[in-house]
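> Quick one, fold the following:
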Amino acid sequence: MKVTKAQAQKNRTRIVETASTLFRERGYDGVGLAELMSTAGFTHGGFYNHFRSKADLMTQSAALGFSRIAVGAGEIDLVEFVSRYVSKEHRDARGSGCTAAALCGDAARQSDDVKASFEAGIEGLLTALADACGKTEDGKPGAVRAKAINILAHSLGAVVLSRACPDGSSLADEILDVCGIQILATLPKSVAEGASQPSAVSLKL
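A predicted model of the protein is given here:
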């Protein structure tokens with residue numbers, strides 16, 4: 001029976017979602033197409049009905065992953081972002097966490113298309129963070145963007161370093177604890193004092 005366009009799109013979305021999770025869990029080289037398609041509920045032979053190559057799927061799955069953690073500009077609560085990003089829960093949930101934290105190292109060795117997908121995703125996060133920083137500081141645009149880059153890079157680096165340590169390592173927890181405190185200390189006092197207020201945004205990490 002011929003698959004409708006709507007069903008084909010649904011199948012494609014399911015494959016991309018499955019890939020996004022598996023790639024974050026095990027890296028691009030740790031997941032084969034046969035296993036990926038089987039996990040998504042399809043045969044290996046059907047892969048090329050949806051994608052040109054594995055790199056094509058990597059590009060699309062990265063875009064999906066970034067879209068699920070990025071929120072609209074002006075909607076990020078800085079304290080919530082740092083507290084949830086630089087956390088043991090995020091560190092231990094590779095498959096549902098930040099695509100950048102899970103796959104930046106892998107992406108550095110991939111094609112320009114994959115790198116471009118990461119660039120767009122990282123830029124989206126920086127734009128939202130810069131907008132939030134701009135509402136708390138009377139700095140020049142360049143200084144506000146630099147602040148956003150520092151928050152994201154510091155937060156991401158903390159998670160990557162923590163994940164590189166053995167499970168249950170005291171150093172893994174120490175890295176998150178120290179970096180979380182240091183990042184929050186760079187935020188304006190007025191922001192930190194409002195940390196107890198519930199955020200209107202559910203940040204997906």
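
> Quick one: residues contacting Ala62.
Ala62 makes contact with Ser20, Phe23, Thr99, Leu103, Ala107, Val114, Ser117, Phe118, Gly121 under the criterion Cβ atoms under 8 Å, 6 or more residues apart in numbering. Using the backbone N, CA and C atoms, a C-beta is placed for each residue, glycine as well.

> Now pLDDT and neighbour count too, for these, in TSV please.
Formatted as TSV, the contacts of Ala62 follow (pLDDT from 0 to 100; neighbours: other Cβ atoms under 10 Å):
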residue	pLDDT	neighbour count
Ser20	96	26
Phe23	98	25
Thr99	96	26
Leu103	97	23
Ala107	96	23
Val114	96	22
Ser117	96	23
Phe118	97	22
Gly121	95	22
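
> Of those, just say which sits nearest to His50.
Closest approach between the contacts of Ala62 and His50, by Cβ to Cβ: Ser20, at 14.3 Å.

> wait, doesn't the closest one sit right on Gly65?
Yes - the pair Ser20 / Gly65 is scored as a contact, 4.8 Å apart, by Cβ atoms under 8 Å.

> Touching both of the two, which residues are there?
Between them, Ser20 and Gly65 share the contacting residues Thr99, judged by Cβ under 8 Å, 6+ apart.

> ranges for the helices of this protein?
5-26, 33-40, 54-67, 78-85, 88-92, 99-107, 112-134, 141-164, 170-185, 189-193 (DSSP state H).

> would CSV of those with distance to Phe47 be doable?
What follows is those, written out as CSV (distance: least, Cβ to Cβ, whole Å):
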stretch, distance to Phe47
helix 5-26, 8
helix 33-40, 5
helix 54-67, 8
helix 78-85, 33
helix 88-92, 30
helix 99-107, 20
helix 112-134, 17
helix 141-164, 29
helix 170-185, 36
helix 189-193, 47
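
> quick one, what contacts the residue nearest to Gly97 when sequence neighbours are not counted?
Nearest residue to Gly97, sequence neighbours excluded (Cβ to Cβ, 6 or more residues apart in numbering): His90, at 5.0 Å. Applying Cβ under 8 Å, 6+ apart, we find His90 in contact with Arg84, Gly97, Cys98, Ala101, Val159, Leu205.

> Mind giving me the PyMOL select for the residues you listed, buried ones only?
Buried residues among these (16 or more other Cβ atoms under 10 Å), as a PyMOL selection:
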select buried, resi 84+97+98+101+159+205
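
> Return the backbone torsion pair for Phe42.
Phi and psi for Phe42, reported as degrees, to the nearest 10, are phi -130, psi 170.

> so it makes contact with Arg12?
No - here Phe42 does not reach Arg12: they are 10.1 Å apart, not a contact under Cβ under 8 Å.

> Touching both of those two, which residues are there?
Joint contacts of Phe42 and Arg12 (Cβ under 8 Å, 6+ apart) do not exist.
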